[in-house]
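S.K.: Need a 3D model of the sequence below.
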Amino acid sequence: MITNFFIPELNNYDVQELWFQQNGATCHTARATIDLLKDTFGDRLISRFGPVNWPPRSCDLTPLDYFLWGYGKSLVYADKPQTLDHLEGNIRRVIADIRPQMLEKVIENWTSRLDYIQASRGSHIPEIIFKM
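M.R.: Down below sits the predicted model:
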């Protein structure tokens, strides 16, 4: 997927301005995957075993975990896609429909999570913080 879809899609963007973040799933952190992503993003890779280490499975801190996967899955599977083409179309549509304003709110929520964790000296967030 990275070599056949993701990297070719990046040709439409100035990757020198992009950061890439992923969760700690084993397939995402395989040496070949990390090497390929480092070649593309350099020091702008946020990943387990990447230049910027990100806590694995940290749902309190990772916007991909506390926002994108749940939000995306709820919409991608809403009409119960029966074919790979249908599923791919849904994924493309859902991602394309995410507006900058929504991402700004996600980042605001993320910074409030970081502030809480810093103030509590690294403890877990006792309740889910949602401000959309």
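
S.K.: would Phe49 count as being in a strand?
M.R.: No: when DSSP: H, G, I helix; E, B strand; the rest coil is applied, Phe49 is found to be coil, with no strand at that position.

S.K.: for Gln21, phi and psi?
M.R.: Dihedral pair for Gln21: phi -130, psi 140, per degrees, to the nearest 10.

S.K.: what's the burial count for it?
M.R.: Neighbours of Gln21 under the rule other Cβ atoms under 10 Å: 16. All C-beta spots, glycine's among them, are computed from the backbone N, C-alpha and C.

S.K.: ok, it - contacts?
M.R.: 45-47, 54, 62-64 (Cβ atoms under 8 Å, 6 or more residues apart in numbering).

S.K.: Tabulate the residues you listed (TSV), appending secondary structure.
M.R.: What follows is the contacts of Gln21, written out as TSV (three-state DSSP):
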residue	secondary structure
Leu45	strand
Ile46	strand
Ser47	coil
Trp54	coil
Thr62	coil
Pro63	helix
Leu64	helix
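
S.K.: among these, which two are most distant?
M.R.: Farthest apart among the contacts of Gln21 by Cβ to Cβ are Leu45 and Pro63. That separation is 15.7 Å.

S.K.: With neighbour numbers in mind, choose between the two.
M.R.: Legend: neighbour count by other Cβ under 10 Å for Leu45 and Pro63, higher for Leu45 (20 against 15).
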